[in-house]
Structures are given as structure tokens and as C-alpha cells.
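Asker: Turn this into a structure:
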Amino acid sequence: MLPKDVDIFCQVAKQLNCYILLREPNPLSARHFGKPDCVAKGLDCKAKTANDPIFKFGGLVTDPSRKGAFTQESLEGAKATWKDFALPPGWTCVAHGEEEGLVKNWEGKYLYADYDLMHVQRAGDDEVKLKGGVRNGVRNRFRTDASIGS
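Answerer: Just a heads-up that it's a prediction; the model follows:
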């Protein structure tokens, strides 16, 4: 997660007196944030972003049949998700060239992973105890900031 984004979420949490729990996106997506030819993939796109750090377009939504886009560990999951994914009207998958396999939305922009909002919890509500670590195979990292919720 970009440090400036952590700061923004912490400011909002403090202002609203709550905890905001997010799932971190593919870290390779961060290099595409703010590029004029890229946008966050949004709710209508369940396809996965390429996660092999050697792949030139890592962090962008990519057809898993593109050789080298996904790590061996994630390839089968990416294929299963892709199989169930239908390109929304106006979206395309680049068929040839260096960008083959990359998905473009109706505006012709490439798609990167963004932050998934998982939960918002009122501060001071002891119902939920927040801890870092790994749960259900997902790494959780919570920033501790004494000023949040005070």
C-alpha cells in the first residue's frame, strides 16, 4: 500500500472514529497508479492482475494464457477466474503485440488492482479484536496509530 494512501485512510478513520480494514492489492499494481492510460479495475472485473514481478506489465489485468504473466503458484487460480470472467460491453483483450493479453476497459484504459474495502468497525467497539498476521491465507497488516479513534 502506498504510504500516502495509508495516511489518507488513517485520516478518514480518525475523523469518523472507526477502523477501516482493506485488502491490499497486488503490490505490482502500484506502479500503474496515476498513469493516464490506466484505471482501477472496479467491481465489474473479477479477472486477476498479473503477479510475476519479471513480467513487464505486472499489476495489470491480464489473460492468464499470456506466458510469464503469473507465478506458477497463482496461475491455476487466475485461469479459473478468467474462465468465469466475461468482458463487459466495450472492453477488449489485446490480441497481438507486446501488450497481448492485457485487458482494456471501454475507455481503452488498462486495469490495475485497487484497495478492496473489507470492513469498517466503530472504534471502541470491543466486538472485534484487530490483529495482523495471516487469516484464511490472506496477509493482514494493520497500522497502529495511537491518534486514531482517540
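Asker: Please work out which residues outside the helix or strand hosting Glu73 touch it.
Answerer: Element membership for Glu73 (DSSP states H and E) is helix 72-84. Helix 72-84 is contacted by residues 46-48, 51, 63-65, 69-70 when judged by C-beta atoms under 8 Å, 6 or more residues apart in numbering. Every residue, glycine included, has its C-beta placed from N, CA and C.
Asker: Return the members of the residues you listed classed as buried.
Answerer: Neighbour counting over the contacts of helix 72-84 (16 or more other C-beta atoms under 10 Å) leaves 47-48, 51, 63-64, 69-70 as the buried ones.
Asker: For the contacts of helix 72-84, could you give me TSV that also reports pLDDT, distance to Ala80 and secondary structure?
Answerer: Shown next, in TSV, are these (pLDDT from 0 to 100; distance: C-beta to C-beta, whole Å; DSSP: H, G, I helix; E, B strand; the rest coil):
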residue	pLDDT	distance to Ala80	secondary structure
Lys46	90	11	coil
Ala47	95	11	coil
Lys48	96	10	coil
Asn51	97	15	coil
Asp63	98	13	coil
Pro64	98	9	coil
Ser65	97	13	coil
Ala69	98	15	coil
Phe70	98	12	coil
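Asker: Kindly indicate which of those lies nearest Leu111.
Answerer: Ala47 (8.2 Å; C-beta to C-beta).
Asker: Contacts only, for the residue lying closest to that closest one once chain neighbours are set aside.
Answerer: Of all residues not flanking Ala47 in the chain, Phe85 sits nearest, at 4.4 Å (C-beta to C-beta, 6 or more residues apart in numbering). Applying C-beta under 8 Å, 6+ apart to Phe85 gives the contacts 45-47.
Asker: do the same with Ile54
Answerer: Ile54 sits next to Gly68 when contact means C-beta under 8 Å, 6+ apart.
Asker: re earlier: just checking, which helix or strand succeeds the helix holding Glu73 along the chain?
Answerer: Next helix or strand after helix 72-84 toward the C-terminus (DSSP H and E): strand 92-93.
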